[in-house]
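Enquirer: here is my input; please provide its structure:
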Amino acid sequence: MASHRNTTLLLRGALAVACVPMLVALAGCPSDATNSNAAPGRVPLAATAPTTPSAAQIAQQQQNAAAVAAQQHAKKVQDAIDRSEANYRSGVENYNANHLDAARLDFDAAVDGMLSSGLDLKNDPQLADEFDHLLSAINSLEMVALKQGNGFSPKVEAAPLDLANDITFPANPELVAKLKTELNITSDLPLVINDQVAGYIGVFSNSTSFRAHMAASMKRSGRYKAMIERILAKEGVPQDLIYLSVAESGFQPQAMNRGSGAGGMWQFMPFGNYGLARNGYFDERFDPEKSSIAYAKYMKTLYNQFGDWYLAMAAYDWGPGNVQRVVSRTGYADYWELYRRGGLPAETRAYVPQILAAIIMAKNPERYGLDKVVLDPPMLYDTVTTDYAIDLKLVADLSDSTVADIVALNPALLRLSTPRDISYDLRLPPGTHDEFVDRLKDVPEENRASWRFHVVKDGETLEEIAAALHGHAAEIAEYNDVTAAQPIEAGDELVVPVAGVSASATGQQRYTVGRNDTLVTVADRFGISVEQLRSWNHLTANRVTPGRSLFVTEPIRLAPGMRSSRARAHTTSHNRATRASYGPAAKATKSARAHAATKSNAPSHPIKLPAKKRAR
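Expert: The predicted structure is shown next:
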């Protein structure tokens with residue numbers, strides 16, 4: 001019994017000892033008992049919950065984050081501006097050195113840098129102002145180059161009426177009466193012959209240079225006359241206001257005023273809401289049809305504002321706000337009354353009577369030696385809408401025309417290429433639309449900015465074609481399925497891949513420099529800037545040794561010790577999807593061609609695309 005009792009006591013003691021920790025846990029630490037606010041058996045909130053920041057602290061944190069974001073944005077904006085200005089300055093240097101090809105590449109890089117920056121060019125005032133000034137400066141220089149002749153566009157002549165400034169003519173009622181009797185002044189625009197108009201008729205008719213300019217203007221007007229008259233009639237504008245273009249540009253779509261920045265057939269300023277698109281790729285002020293529509297609409301708006309065509313003409317020259325202020329100040333809504341009161345600047349005083357004189361001379365060609373002028377034939381064209389980059393050399397190839405022809409039909413283009421991912425109405429020679437579209441199908445979209453097309457002539461060889469178009473005979477043969485058993489024949493249609501492009505193991509494109517290559521020709525071939533070529537290839541001089549291999553896309557910089565084989569899976573983002581390279585060793589499938597023709601899914605490795613059957 002005693003032993004049993006002792007055993008029981010031992011068991012109870014052991015159980016009590018084992019239960020102590022549990023009791024302590026349930027009761028809490030002894031020190032917690034001193035906390036009168038803590039509930040028995042619970043850990044106080046202060047021991048576990050973090051401190052909640054005050055509203056003031058949260059507001060301060062938000063202000064700090066906003067300030068950091070603003071600083072980062074400002075730096076990004078300034079970096080974009082600095083890069084564009086550096087490219088622009090390089091372009092100006094090349095321009096002044098008469099290196100027009102290099103200048104154009106620099107200017108393109110300046111504009112492209114802004115467009116591809118990812119910044120909001122429209123709603124950021126600093127960026128919008130910088131971009132507008134950049135375009136105006138570049139367009140002015142490019143238009144001056146066009147005036148000097150660039151091998152594609154004709155020289156732009158001075159506007160005829162620029163030769164005569166404001167002149168005050170003495171009263172000559174006998175001359176005025178004589179001209180009213182002898183001249184045809186029938187017009188849907190009220191025509192008057194007074195001392196000023198008669199005086200300018202006398203000056204112009206006695207000026208050999210003016211008559212030559214007038215004759216050239218009338219000759220050129222034949223290209224656009226029917227189109228402009230149709231637009232004026234639709235908008236309810238007098239037909240004879242077509243001759244305002246004599247004063248503004250002499251019917252030259254690419255006329256440019258370097259001082260003011262006004263441009264095009266109707267000399268619109270680079271700013272203003274005229275419904276004309278303007279970017280780094282095209283400027284619709286230089287589009288004859290679209291600018292004529294804008295001109296007609298604007299003139300009708302001015303007429304509706306002033307109720308007088310002469311005041312509308314004055315407002316077109318001086319600005320409606322200026323004319324409205326003079327009308328309000330003097331109380332006269334009459335052009336000739338404002339003329340007599342001296343309320344108009346010299347240029348505007350001369351503007352209206354000069355235009356009236358030019359209209360009257362044009363309506364009386366026998367009297368002023370203009371009856372022998374033969375009008376140019378109307379400019380007719382087909383239109384295809386593009387949203388991809390295509391070189392105008394390829395456009396000329398596909399439409400059996402010349403680059404000069406395509407440039408003449410598309411004076412609004414600022415480059416020898418259409419823009420990528422921006423809709424553009426490309427004009428083609430009349431009757432070529434269907435053939436152009438059919439042939440274009442065989443040129444992958446991502447290669448249209450560089451590849452060529454050729455119809456084989458009698459006696460031509462692949463080697464001659466390759467040499468003329470900067471291709472390789474072997475690549476042309478493989479792409480077009482030319483073999484010894486099936487050689488080329490006259491009439492065959494060949495797609496010509498760009499010569500010398502290769503892809504490295506990482507998918508980067510390289511080009512082997514040819515004997516006659518320069519940095520400018522290489523950059524132009526691949527649509528990049530000379531500065532990019534220099535940077536990517538660590539070049540310091542303008543000359544490059546034949547046989548050297550150059551990066552023509554941005555090279556991938558591998559981290560130290562990284563094996564290039566491990567980087568292959570990551571090269572897609574570095575390799576330009578829009579310039580898939582041509583690889584003669586790869587074999588063709590229809591699915592591969594469909595994949596390559598998809599703009600967003602261009603392969604990062606060289607492939608061989610099947611060509612269509614050659615025409616026999």
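Enquirer: tell me what the helix or strand harbouring Val327 is packed against?
Expert: Secondary structure from DSSP states H and E places Val327 in helix 320-330. Packing partners of helix 320-330 (3 or more C-beta pairs under 8 Å, 6 or more residues apart in numbering; DSSP states H and E): helix 288-306, helix 309-318, helix 335-340. For glycine as for every other residue, the C-beta is placed from the backbone atoms N, C-alpha and C.
Enquirer: what's the most buried one of these?
Expert: helix 309-318 (a mean of 23; mean count of other C-beta atoms under 10 Å).
Enquirer: with only the CA atoms kept, save the helix holding Val327 in CSV.
Expert: Once non-C-alpha atoms are left out, helix 320-330 reads as follows in CSV (Å, rounded to 0.1, in the frame of the first residue of the first chain):
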residue,chain,number,x,y,z
PRO,A,320,-7.6,87.4,-90.0
GLY,A,321,-6.9,88.7,-86.5
ASN,A,322,-4.8,91.7,-87.8
VAL,A,323,-7.4,92.5,-90.5
GLN,A,324,-10.3,92.3,-88.0
ARG,A,325,-8.5,94.7,-85.6
VAL,A,326,-8.0,97.3,-88.4
VAL,A,327,-11.7,96.9,-89.5
SER,A,328,-12.8,97.4,-85.9
ARG,A,329,-10.5,100.4,-85.4
THR,A,330,-11.4,102.2,-88.6
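Enquirer: first-to-last residue distance for stretch 391-404?
Expert: 13 Å (C-alpha to C-alpha, to the nearest Å).
Enquirer: same question, stretch 512-526
Expert: Where stretch 512-526 begins and where it ends lie 13 Å apart, using C-alpha to C-alpha.
Enquirer: tell me the buried residues in that stretch?
Expert: Val513, Asp517, Thr518, Leu519, Val520, Val522, Ala523, Asp524, Arg525, Phe526 (16 or more other C-beta atoms under 10 Å).
Enquirer: what is the nearest of those to Ile185?
Expert: Of all the buried residues of stretch 512-526, Ile185 sits closest to Asp524, with 53.6 Å by C-beta to C-beta.
Enquirer: and the helix or strand in which the closest one is found, how far out from the chain middle?
Expert: In the assignment (DSSP H and E), Asp524 maps to helix 519-526. In terms of C-alpha atoms, centre = their mean, to the nearest Å, the centre of helix 519-526 is found 19 Å from the chain centre.
Enquirer: and that helix, average pLDDT?
Expert: Helix 519-526 comes out with an average pLDDT of 77.
Enquirer: got it, and stretch 138-152?
Expert: 53.
Enquirer: helix or strand right after the longest helix seen in the chain?
Expert: With secondary structure taken from DSSP state H, the chain has its longest helix at helix 55-96. Following helix 55-96 in sequence order, the next helix or strand is helix 100-115 (DSSP H and E).
Enquirer: what sits up against that next one?
Expert: 80, 83-85, 87-88, 90-92, 94-95, 121, 127, 130-131, 134-135, 138, 141-142, 145, 150, 279-280, 415, 519-521, 523-524, 528-532 (C-beta atoms under 8 Å, 6 or more residues apart in numbering).
Enquirer: so which bits of that helix are buried?
Expert: Quick answer for helix 100-115 (16+ other C-beta under 10 Å): 100, 102-115.
Enquirer: then stretch 71-91?
Expert: Val77, Ala80, Ile81, Arg83, Ser84, Asn87, Tyr88, Ser90, Gly91.
Enquirer: between the residues you listed, which is closest to Met269?
Expert: The closest of the buried residues of stretch 71-91 to Met269 turns out to be Tyr88 (C-beta to C-beta; 20.8 Å).
Enquirer: how much space separates the closest residue to that closest one other than its chain neighbours from Lys297?
Expert: In this structure, Tyr88 finds its nearest non-sequential neighbour in Ala110, 4.5 Å apart by C-beta to C-beta, 6 or more residues apart in numbering. To Lys297, Ala110 is 32 Å away according to C-beta to C-beta, to the nearest Å.
Enquirer: do the same with Asn273
Expert: Counting by C-beta to C-beta - Asn273 and Lys297 are separated by 11 Å.
Enquirer: Phe436 too?
Expert: From Phe436 across to Lys297, the span is 31 Å (C-beta to C-beta).
Enquirer: could you find the lowest-pLDDT member of the buried residues of helix 100-115?
Expert: Leu100 (64).
Enquirer: before we move on, back to that, next one: the helix holding Val327 to chain centre, how far?
Expert: 37 Å.
Enquirer: and that helix, what's buried?
Expert: Per 16+ other C-beta under 10 Å, helix 320-330 contains these buried residues: Pro320, Asn322, Val323, Val326, Val327.
Enquirer: okay, the closest residue to the third one other than its chain neighbours: pLDDT?
Expert: Which is Val323. Leaving aside its sequence neighbours, Val323 sits nearest to Ala315 (C-beta to C-beta, 6+ apart; 4.4 Å). Predicted confidence (pLDDT) for Ala315: 97.
Enquirer: residues contacting Ala315?
Expert: Residues in contact with Ala315 (C-beta under 8 Å, 6+ apart) are Leu302, Gln305, Phe306, Asn322, Val323, Gln324.
Enquirer: so where's the stretch 401-550 of the chain uncertain?
Expert: For the stretch 401-550 of the chain, the stretches with pLDDT under 70 are 499-509, 527.
Enquirer: what about the helices in it?
Expert: 403-409, 433-440, 462-469, 473-479, 519-526, 530-537 (DSSP state H, counting those that start in this stretch).
Enquirer: closest to Ala357 out of these?
Expert: Of these, nearest to Ala357 by C-beta to C-beta is helix 403-409, at 30.1 Å.
Enquirer: any buried residues in the closest one, and which?
Expert: Val403, Asp405, Ile406, Val407, Ala408, Leu409.
Enquirer: what about Gln252, neighbour count?
Expert: 25 (other C-beta atoms under 10 Å).
Enquirer: for stretch 391-409, how far is the first residue from the last?
Expert: 14 Å.
Enquirer: residues in contact with that stretch?
Expert: Outside of stretch 391-409, the residues within contact range by C-beta under 8 Å, 6+ apart are 152-154, 379, 381, 410, 413, 416-418, 426-429, 432, 435-436, 439-440, 443, 448-455.
Enquirer: from those, which land in strands?
Expert: Leu426, Arg427, Leu428, Arg452, Phe453, His454, Val455 (DSSP state E).
Enquirer: give the contact list for the closest residue to the third one other than its chain neighbours.
Expert: So that's Leu428. Distance criterion C-beta to C-beta, 6+ apart; nearest residue to Leu428, sequence neighbours excluded, is Asp382 at 4.5 Å. Residues near Asp382 by C-beta under 8 Å, 6+ apart: Arg427, Leu428, Pro429, Pro430, Gly431, Thr432, His433, Phe436.
Enquirer: just the buried members of those?
Expert: Buried among the contacts of Asp382 (16+ other C-beta under 10 Å): Arg427, Leu428, Pro429, Thr432, Phe436.
Enquirer: the first one contacts Thr383, correct?
Expert: Yes: with the criterion set as C-beta atoms under 8 Å, Arg427 and Thr383 qualify as a contacting pair; they are 5.8 Å apart.
Enquirer: so what sits against both of these two?
Expert: Between them, Arg427 and Thr383 share no contacting residue, judged by C-beta under 8 Å, 6+ apart.
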